[in-house]
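Undergrad: need the 3D shape of this:
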Amino acid sequence: MKIGIFFGSSTDNTTTATEFMKEYLEMNDHEVEMHNIADADVDKILEFDNIIIGCPTWHIGELQEDWDSVFLDYEKLDFNGKTAAFFGCGDQIGYPANFLDAIGMLADPFMKKGGKLIGRIPRDNYQFEGSRALDKDDKLMGLGLDYDNDDEQTCEDYMIEWLEDILDEFPG
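TA: Alright, predicted model coming up:
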């Protein structure tokens, strides 16, 4: 299976997560292309049917600057026939009112423009008050990683479990 991972990172937490995911997926016989959105044309996303998108929530509920700079073009893309899973880094203790907002900010236009969202997770392992990443069933629209309050092994365990789940949901 060929998977495109698109990410933005300011403090390298999202880069660390993306590199771990790429390595894990390749160890399990999947072809993975990793693209930092700062260096990639946003249209490149459309070259993949199976997509993973990573974006930290920055400041108080904002997109990371690289995603923010391409967002207007991103929300114009036609995602029909595309399947994507989203993940984000955030601080559930320091910013409990907008933990993982960036996931919601990117997932909403993806779904509105025809994309199939996979990789929803229960909010049970997190402690936060609110998020734009919550769907109507009170599930997160993607994986949350909190390198500020969880240790690296916990984040890796979350990623492995989530990756195994989304691999079952990706088509073909």
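Undergrad: helix, strand, or coil at the residue nearest to Gly61 when sequence neighbours are not counted?
TA: Of all residues beyond its chain neighbours, the one nearest Gly61 is Asn98 (3.5 Å), with distances taken as CB to CB, 6 or more residues apart in numbering. Using the backbone N, CA and C atoms, a C-beta is placed for each residue, glycine as well. Look at Asn98: counting by DSSP: H, G, I helix; E, B strand; the rest coil, its state is coil.
Undergrad: give me the phi and psi for the residue of the chain most remote from its centre.
TA: The outermost residue of the chain, judged against the average C-alpha position, is Asp29 (21.2 Å), by CA atoms, centre = their mean. Main-chain torsions, Asp29, degrees, to the nearest 10: phi 70, psi 30.
Undergrad: output the longest helix belonging to the chain as PDB - backbone C-alpha positions only.
TA: Longest helix in the chain by number of residues (criterion: DSSP state H): helix 152-169. Written as PDB, here are the backbone C-alpha positions of helix 152-169 (Å, rounded to 0.1, in the frame of the first residue of the first chain):
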ATOM      1  CA  GLU A 152       7.800   9.500  24.200                       C
ATOM      2  CA  GLN A 153       7.000   5.800  24.800                       C
ATOM      3  CA  THR A 154       3.300   6.600  25.500                       C
ATOM      4  CA  CYS A 155       3.200   8.600  22.200                       C
ATOM      5  CA  GLU A 156       4.700   5.700  20.300                       C
ATOM      6  CA  ASP A 157       2.200   3.300  21.800                       C
ATOM      7  CA  TYR A 158      -0.600   5.600  20.700                       C
ATOM      8  CA  MET A 159       0.800   5.800  17.200                       C
ATOM      9  CA  ILE A 160       1.200   2.100  16.800                       C
ATOM     10  CA  GLU A 161      -2.300   1.300  17.900                       C
ATOM     11  CA  TRP A 162      -3.700   4.100  15.700                       C
ATOM     12  CA  LEU A 163      -1.600   3.100  12.700                       C
ATOM     13  CA  GLU A 164      -2.800  -0.500  13.000                       C
ATOM     14  CA  ASP A 165      -6.400   0.700  13.100                       C
ATOM     15  CA  ILE A 166      -6.100   3.000  10.000                       C
ATOM     16  CA  LEU A 167      -4.300   0.400   8.000                       C
ATOM     17  CA  ASP A 168      -7.400  -1.700   8.200                       C
ATOM     18  CA  GLU A 169      -9.500   1.200   7.000                       C
END
